[in-house]
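*Asks:* this is a predicted model, with the sequence first.
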Amino acid sequence: MKNLIETERLELTLIEVPDLITLFEDPENLSIYEGRNFSNPHRVLIDDQGPLPWRVPQVKSDPSLNIWFVRWIIEKASREIIGSISFHGKPNEIGMIEIGLGIHPQFHSKGIGAEALEGMWSWVIDQPGVKTLRYTVAESNKPSIALINKFGFENVGIQIDEEDGPETIFEMSADRFREKFLKS
């Protein structure tokens with residue numbers, strides 16, 4: 001299990017199950033930051049709980065799923081949490097895994113999203129059963145579409161999300177990602 005994924009500027013730190021539950025059920029409880037070498041001045045996953053309403057029930061039911069779930073995006077230079085990133089679950093029966101992320105607005109347009117995605121995808125393509133990377137986005141979310149286009153993912157269609165409505169589906173095979181981004 002890899003609890004920490006590092007990139008040039010970021011640490012993608014897995015939120016352990018007890019802290020994930022506390023963050024969801026008692027977001028103002030600062031005990032989850034005690035003894036840590038980072039802080040949460042931007043209140044990531046406190047004011048907007050993002051994926052927590054979906055992920056917490058899943059890990060309560062099966063804690064082993066947590067490895068796929070919510071990680072804080074920590075900026076190394078400031079030691080501040082500046083966003084979060086999470087797969088939607090373990091790879092499905094055909095090896096597809098979907099990801100989502102949220103970056104605090106103060107850190108938009110600085111390449112943080114791309115760096116976090118590349119870090120997560122670089123880790124996950126070596127996990128058993130992962131064959132296809134998926135990213136979905138509402139057509140109105142132009143910055144997110146521009147972000148995924150930088151990676152060269154293929155537009156494979158539209159899905160209707162219960163929360164967000166119509167979303168464009170972008171995919172890339174794990175092998176293709178490895179070829180494009182992990183040159184040895």
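*Replies:* Cool, got the structure.
*Asks:* next, the buried residues of stretch 38-48.
*Replies:* Of the residues in stretch 38-48, 38, 40, 42, 44, 45 count as buried by neighbour count, 16 or more other C-beta atoms under 10 Å. Heads up, the C-betas are built off the backbone N, CA and C, glycines and all.
*Asks:* list the residues that contact the closest residue to the fourth one other than its chain neighbours.
*Replies:* Closest residue to residue 44 apart from its sequence neighbours, by C-beta to C-beta, 6 or more residues apart in numbering: residue 81 at 4.7 Å. Counting by C-beta atoms under 8 Å, 6 or more residues apart in numbering, residue 81 touches 38, 39, 40, 42, 44, 72, 73, 74.
*Asks:* tell me the two of these that are most distant?
*Replies:* Farthest apart among the contacts of residue 81 by C-beta to C-beta are 39 and 73. That separation is 13.4 Å.
*Asks:* circling back to that earlier point, for residue 111, state which of the contacts of residue 81 is nearest.
*Replies:* Looking across these and measuring by C-beta to C-beta, the closest to residue 111 is residue 73, at 12.2 Å.
*Asks:* burial of that closest one, as a residue count?
*Replies:* Neighbouring residues of residue 73 were enumerated by other C-beta atoms under 10 Å; the total is 28.
*Asks:* where does the chain dip in pLDDT?
*Replies:* Within the chain, the set of residues satisfying pLDDT under 70 comprises 1, 184.
*Asks:* if we go to 80?
*Replies:* 1-2, 163, 183-184 (pLDDT under 80).
*Asks:* thinking again about what came up before, from residue 54, how far off is the residue nearest to residue 44?
*Replies:* As judged by C-beta to C-beta, to the nearest Å, residue 81 and residue 54 stand 20 Å apart.
*Asks:* doesn't residue 99 fall inside a helix?
*Replies:* No. Assigned with DSSP: H, G, I helix; E, B strand; the rest coil, residue 99 falls outside any helix and is strand.
*Asks:* any idea how far the helix or strand where residue 117 lies is from the chain center?
*Replies:* Assigned by DSSP states H and E, residue 117 falls within helix 112-124. Centre-to-centre, helix 112-124 and its host chain are 8 Å apart (C-alpha atoms, centre = their mean, to the nearest Å).
*Asks:* cool, stretch 94-109 as well?
*Replies:* The answer for stretch 94-109 is 5 Å, by C-alpha atoms, centre = their mean.
*Asks:* same check on stretch 66-78?
*Replies:* 8 Å.
*Asks:* ok, residues contacting it?
*Replies:* 1-2, 5, 9-17, 20, 38, 40, 44-45, 50-52, 55, 58-59, 80-87, 89-90, 97, 101, 103, 107, 112, 116, 120.
*Asks:* all good on my end, thank you.
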